[in-house]
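S.K.: Could you work out the structure for the sequence below:
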Amino acid sequence: MPDRVVAMPIGISAKNRPELASPYRRLLQLLDDNAPVSSFERLAHEARETAGSSDLAEAMIADIATAVRLRENFEHKRKREVELSALYETARDLSALRDTDRVLQAIIQRAKQLVGSDIAYLSAADEERGDFYVRATEGVVSQDFARIRVPRNIGVCGSAARTRHPFYSSNYSTDKNFDHDSDIDRAISSEGIVSILGIPLEREAQVIGVLFVGDRYVRSYTFQEMAVLSSLATFAALAIENARLLEEARRALRMAKEANAALKAKADDIEEAAIAHEQLTELIARGGSLEDLTKRVSNLLRGQACVIDERRKVICGSLPDRVTDEALAKAVRESDRLGRSVQLTSIDDPVTVIAAVMGGSARLGALLFTRSRDLSASETRTLERSAIVTGIVLLSLERVAQTAYRNVTDIVSALLRGTADPFSIESSRQLPLGVSLSWPITIMLVELNDLSASQASSAVRPVLAGRDTIFAEFNGDLVVVTNASNPDRLANRISEALSEAFRKQFSIVISSPIASLGRVPFEYQSLCRCLGFLHNLKQKGRVVFEKTLSIYALLFNKKDDDAVDLFVTSSIGAIIDHDARRKSQLASTLLAYLDCGRSMQKAADGLGIHVNTMRQRLETIGQIIPDWSDSSRALDVHIALRMHALVNAS
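M.R.: Got it, this is the predicted structure:
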């Protein structure tokens, strides 16, 4: 096989290398080596010197010129091949890649390579802010450059976007063909850029960005370079548009998924609400109790339900821990005002939601629900519906209680008038279910003042809900009929319940055991007189037995309110004044002496003092009221001392 022709530098003499003597062989060698144009020019110069002005020299020079054109055509085609290859690869990337940023990065990399520039970058339009921002860079050194934002009327970017044609500047800093911005000029200068070419990216006659190449020296850009960059810009615009369409498709898909999820959640909520409504309706229809209701709500919402009354006392269930009465009262009022449930603010504790329970325009209490997590919207609506059902149940119970109360009112009225024995075999059927009363009974008279019977009944019903007690309003007072073994303890509980509910003091008088129907009207009248006597004594909130007041009440029956004060003052006023001035105990000493049948020794022992002290006190009393021991005065003094002691006992 023949040896391969090796190019040698022009100027070597044919004597040294005879095989290269032929100029045509050297010309072919230059073409084969893709030598620079300067090598062909040197070959033409040597041929002219060797052949002179002969026809051979002219033909040789023409052939060399033809070879140069062939080389340039080859170089142009090679470059076109590279450009087409780059465009093909870009199109392939555009169809294969789903990451828009990666596609744009590949485009500016190829733009930089095809034009042979130092840097390349792409700016995208921001429709909201009305400017351009750098989205991808290649060959950029400064980080500040990537943060450039260019208004639509500034620089090469603004000119390319405005004219919608390629626009370049061979010397950016001194170019007066466009407006400059100091911050943008500073960023470009810090990157060392001198020449810039901008190619607009268009979509449906709208510029959506600009593709740039830049160099750190003065240069111009050929039409062919602009054309290939315009093709890349078209791909970039297509990539951005595809990204926009893909994002819209993803957004639409996401919205569709969210809508489907919302519809499913709504359907689930509706189904759960329907189940809850069905169960609550069934509970009302069969006359379920509060216990049934709280259990049903607890199961439906997977938590713990509780019902409280208007005084925030638990009717059914149990209050959650760490819920203060103040916070509870505030939440109930807020729920009543809003007509919606209210959640107690909590960080670490379980969630507690409160819904006011209404009966018409009146607030009957509240439904509380507690669990470890927040309630959804549908669960909140279920809780609020449950509060409505709670109001219906409470109203139903109240109606039942009122019906029973009306029956009891008739029974108590007949009893106090002595017209019928409600405990006889014939009449006992009229008593409320579960109540069993028999003789002897104790009657309590509770002074209601301006309180209504329904208010008082609501407050004392939990205290009096026993088998051995009935109660009703009669002549403006609350009458309690009981077989309780400790009536005074029951009376104190009634007093506490009323005081707590209404922040007032209520007097209660307790009768002695009554063995028969015939004694009831007389005992009732005595109880009324005792309440009146307590009024005369200006006493409130007293719980006393009738037997301790009956004689005094009889004496001052139908007297003026100041009759008792006048009697006490006229009888022992001097002794009372002396005790007040001297801090003495003459009134209690004289009362003890008279109660002991005028036995000085017994009185002294009862008071815990020496008999001589007792004698000295009596002498002092004789000096203050000389005639206290006279038979005409002794009874008045004794009664006055008793009433004074009753007043002080409060």
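
S.K.: so who does residue 644 touch?
M.R.: Residue 644 sits next to 568, 572, 576, 587, 591 when contact means C-beta atoms under 8 Å, 6 or more residues apart in numbering. For glycine as for every other residue, the C-beta is placed from the backbone atoms N, C-alpha and C.

S.K.: okay, these in JSON lines with secondary structure next?
M.R.: Shown next, in JSON lines, are the contacts of residue 644 (DSSP: H, G, I helix; E, B strand; the rest coil):
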{"residue": "568", "secondary structure": "helix"}
{"residue": "572", "secondary structure": "helix"}
{"residue": "576", "secondary structure": "helix"}
{"residue": "587", "secondary structure": "helix"}
{"residue": "591", "secondary structure": "helix"}
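
S.K.: TSV please, covering the residues you listed and showing neighbour count, distance to residue 468 and pLDDT.
M.R.: Shown next, in TSV, are the contacts of residue 644 (neighbours: other C-beta atoms under 10 Å; distance: C-beta to C-beta, whole Å; pLDDT from 0 to 100):
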residue	neighbour count	distance to residue 468	pLDDT
568	20	39	79
572	28	43	87
576	18	44	87
587	21	41	88
591	21	38	86
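
S.K.: okay, and the helix or strand of the protein with the least pLDDT?
M.R.: Within the chain, no helix or strand scores below helix 55-96, which has a mean of 66 by mean pLDDT, DSSP states H and E.

S.K.: and after that one, which helix or strand comes next?
M.R.: Where DSSP states H and E defines the elements, the next helix or strand beyond helix 55-96 is helix 100-115.

S.K.: Extract the C-alpha set from that next one and format it as PDB.
M.R.: Output of helix 100-115 as PDB, limited to C-alpha atoms (Å, rounded to 0.1, in the frame of the first residue of the first chain):
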ATOM      1  CA  THR A 100     -38.400  22.400  31.400                       C
ATOM      2  CA  ASP A 101     -35.300  23.800  33.200                       C
ATOM      3  CA  ARG A 102     -33.200  21.000  31.900                       C
ATOM      4  CA  VAL A 103     -34.400  21.600  28.300                       C
ATOM      5  CA  LEU A 104     -33.700  25.300  28.600                       C
ATOM      6  CA  GLN A 105     -30.200  24.600  30.000                       C
ATOM      7  CA  ALA A 106     -29.400  22.300  27.100                       C
ATOM      8  CA  ILE A 107     -30.600  25.000  24.600                       C
ATOM      9  CA  ILE A 108     -28.400  27.700  26.000                       C
ATOM     10  CA  GLN A 109     -25.400  25.300  26.200                       C
ATOM     11  CA  ARG A 110     -25.800  24.500  22.400                       C
ATOM     12  CA  ALA A 111     -26.300  28.200  21.700                       C
ATOM     13  CA  LYS A 112     -23.000  29.000  23.400                       C
ATOM     14  CA  GLN A 113     -21.200  26.200  21.500                       C
ATOM     15  CA  LEU A 114     -22.700  27.000  18.000                       C
ATOM     16  CA  VAL A 115     -21.800  30.700  18.100                       C
END
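
S.K.: what number of residues lie near residue 284?
M.R.: 13 (other C-beta atoms under 10 Å).

S.K.: Next up, identify which helix or strand it is on.
M.R.: helix 223-285.

S.K.: Tell me which other helices or strands that helix touches.
M.R.: Here helix 223-285 touches helix 55-96, helix 100-115, strand 195-203, strand 206-215, helix 290-301, helix 377-417, going by 3 or more C-beta pairs under 8 Å, 6 or more residues apart in numbering; DSSP states H and E.

S.K.: could you dump those to a markdown table with distance to residue 352 and mean neighbour count?
M.R.: Converted to a markdown table, the helices and strands packed on helix 223-285 look like this (distance: least, C-beta to C-beta, whole Å; neighbours: other C-beta atoms under 10 Å):
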| stretch | distance to residue 352 | mean neighbour count |
| --- | --- | --- |
| helix 55-96 | 58 | 14 |
| helix 100-115 | 50 | 21 |
| strand 195-203 | 57 | 23 |
| strand 206-215 | 55 | 23 |
| helix 290-301 | 12 | 19 |
| helix 377-417 | 11 | 18 |
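
S.K.: Could you export these as TSV, including distance to residue 519?
M.R.: What follows is the helices and strands packed on helix 223-285, written out as TSV (distance: least, C-beta to C-beta, whole Å):
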stretch	distance to residue 519
helix 55-96	109
helix 100-115	103
strand 195-203	107
strand 206-215	106
helix 290-301	40
helix 377-417	11
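
S.K.: Let me know the average pLDDT across stretch 105-117.
M.R.: Mean per-residue pLDDT for stretch 105-117: 84.

S.K.: ok now it, how far from the chain's centre?
M.R.: 55 Å (C-alpha atoms, centre = their mean, to the nearest Å).

S.K.: returning to what we had before: of the contacts of residue 644, which is the nearest to residue 397?
M.R.: residue 568 (49.2 Å; C-beta to C-beta).

S.K.: Identify the residues contacting the closest one.
M.R.: 576, 640, 643-644, 647.

S.K.: Of the residues you listed, which is the nearest to residue 616?
M.R.: residue 576 (19.1 Å).
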